[in-house]
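In: No letters, just coordinates:
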């Protein structure tokens, strides 16, 4: 069983999405997708920028700005290599509604394609600045567009879905997962897209020595 | 104004000899360089960006609690990563920790760079340093030991010759900061920075003339 933890507001999770779905195709597996909703402000500080990219408010240290700017540059490089558009966000979004949408989609999708479409549509549009992931109606509409009934989603979001999501966040931290994407396989936990070759090594029966971190293989 | 130590046209691997992941990267790039004619520089990086979460002034108990629990999870994950890196070097099951005090060993590496010795000699220096570092198990490798390693790779080091690199090291630290090389291992190629060993296949593809489909 391979578990993949994602957060829709993470650029690194975005650029890992397609290679992860490729794993499903390559190995005939069904990944368990789980939301890890980051509290970014607690470790990277917070900031808001306007439409021109000018910072309008922030409480970040110079070190944190260095880390954030490199991360975006690096993620954009990965996005470019996949032909994806990645526009920097203008604030730190609350991605929990889209995360609860992922839980709902996992339970209600009729097939893997529908689940894949939900994750892809949310990620792609959010990073094109075309999706308000803090709006429950918007997320419900994406579910429907992916072929997943959103009937009852609103109640789920306000009740059991929110409870499940919040409980999950506690369990995830206790299990040692702190960032996205995180891969859990064969009792091992790997943080970062660069571990995809190691995930493949596990899926192939762990032949030889553990491989080096690298990009993933070419997408088909 | 003195000339920059790092030229835009340089291909550089920055390493921190206090970290085992740098040695893993050295091992990987050595294999890669067998088939490449492009010159490679190996330079020491003294200052890691570190855990930037420490800069957050916690507002409220919930955020402080989350930050602490996340820090614990991150620390546990890093410990796991270190064990994997030892395994990658064929040192699985070792309880050795390489020394954290590496400033003189870094001066030695800069000495080799400035002396423009062959890449193979730099690799020999790093191999020998790792061997000694594993024996020291967390204690600093002495300056005399580092000097002996340099002599062992054919350098006629006398007295304070390595120490004379201190000024150059200060300049290098500044250039590394200006270029935004935040941690090691990291690469610099054609004016671009790549932090982390994972970029190696992409750099190999670039240096090999961009043949075939790029790794993504």
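Out: All right, it came through fine. Computed from a predicted model, the values in this text were never measured in an experiment.

In: Which residue is the nearest non-sequential neighbour of residue A:53?
Out: Closest residue to residue A:53 apart from its sequence neighbours, by CB to CB, 6 or more residues apart in numbering or on different chains: residue A:88 at 7.6 Å. (Each C-beta comes from the backbone N, C-alpha and C, glycine too.)

In: Quick check: the one you found touching residue A:73?
Out: No: using CB atoms under 8 Å, residue A:88 makes no contact with residue A:73, being 9.9 Å away.

In: What segments of chain B are strands?
Out: B:11-15, B:41-44, B:186-189, B:192-195 (DSSP state E).

In: Kindly report the same for chain A.
Out: Counting by DSSP E, one finds strands in chain A at the ranges A:2-6, A:32-35, A:47-49, A:55-58, A:182-185, A:188-191.

In: I'd like those strands written out as a markdown table, with mean neighbour count added.
Out: Below are those laid out as a markdown table (neighbours: other CB atoms under 10 Å in any protein chain shown):
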| stretch | mean neighbour count |
| --- | --- |
| strand A:2-6 | 22 |
| strand A:32-35 | 20 |
| strand A:47-49 | 16 |
| strand A:55-58 | 11 |
| strand A:182-185 | 22 |
| strand A:188-191 | 20 |
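
In: For those, could you give me a markdown table that also reports distance to residue B:117 and mean pLDDT?
Out: Formatted as a markdown table, these follow (distance: least, CB to CB, whole Å; pLDDT from 0 to 100):
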| stretch | distance to residue B:117 | mean pLDDT |
| --- | --- | --- |
| strand A:2-6 | 45 | 98 |
| strand A:32-35 | 51 | 98 |
| strand A:47-49 | 46 | 86 |
| strand A:55-58 | 46 | 87 |
| strand A:182-185 | 41 | 97 |
| strand A:188-191 | 37 | 96 |
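
In: buried sites along the one helix or strand in chain A whose mean pLDDT sits lowest?
Out: Every helix and strand in chain A was compared by mean pLDDT, DSSP states H and E; the lowest is helix A:41-44, with a mean of 80. Of the residues in helix A:41-44, A:41, A:42, A:43, A:44 count as buried by neighbour count, 16 or more other CB atoms under 10 Å in any protein chain shown.

In: Can you tell me which of the residues you listed comes closest to chain B?
Out: Closest approach between the buried residues of helix A:41-44 and chain B, by CB to the nearest CB: residue A:43, at 3.5 Å.

In: How about that closest one: what's its closest non-neighbour residue?
Out: If the residues on either side of it in the chain are set aside, residue A:43 comes closest to residue B:53, at 3.5 Å by CB to CB, 6+ apart.

In: The one you found: neighbour count?
Out: Residues near residue B:53, counting by other CB atoms under 10 Å in any protein chain shown, number 19.

In: which residues sit in contact with residue 182?
Out: Picked chain A for this. In this structure, residue A:182 makes contact with A:4, A:5, A:36, A:189, A:190, A:191, judged by CB atoms under 8 Å, 6 or more residues apart in numbering or on different chains.

In: You answered for a different chain; I wanted chain B.
Out: Listed by CB under 8 Å, 6+ apart, the contact partners of residue B:182 are A:66, A:67, A:70, B:48, B:49, B:195.

In: is any part of the lowest-mean-pLDDT helix or strand in chain B close to chain A?
Out: The weakest-scoring helix or strand in chain B, judged by mean pLDDT, DSSP H and E, is helix B:61-88 (a mean of 89). Yes: on the criterion CB under 8 Å from any CB of the partner chain, helix B:61-88 is in touch with chain A at B:63, B:66-67, B:69-70, B:73-74, B:76-77, B:80, B:84, B:87-88.

In: which among the residues you listed end up buried?
Out: For the residues of helix B:61-88 next to chain A, a burial check counting by 16+ other CB under 10 Å picks out B:63, B:66, B:67, B:70, B:73, B:74, B:77, B:84, B:88.

In: How many residues are close by the residue nearest to the last one when sequence neighbours are not counted?
Out: Leaving aside its sequence neighbours, residue B:88 sits nearest to residue B:24 (CB to CB, 6+ apart; 5.0 Å). By the other CB under 10 Å criterion, the neighbourhood of residue B:24 contains 20 residues.

In: likewise the one 5 residues further on?
Out: The tally of other residues near residue B:29 (other CB under 10 Å) stands at 23.

In: Which residues does stretch A:18-34 contact?
Out: Here stretch A:18-34 makes contact (CB under 8 Å, 6+ apart) with A:1-6, A:82, A:102, A:106, A:112, A:115-116, A:119-120, A:168, A:172, A:181, A:193, A:196, A:199-200, A:203, A:216-217, A:219-220, B:216.
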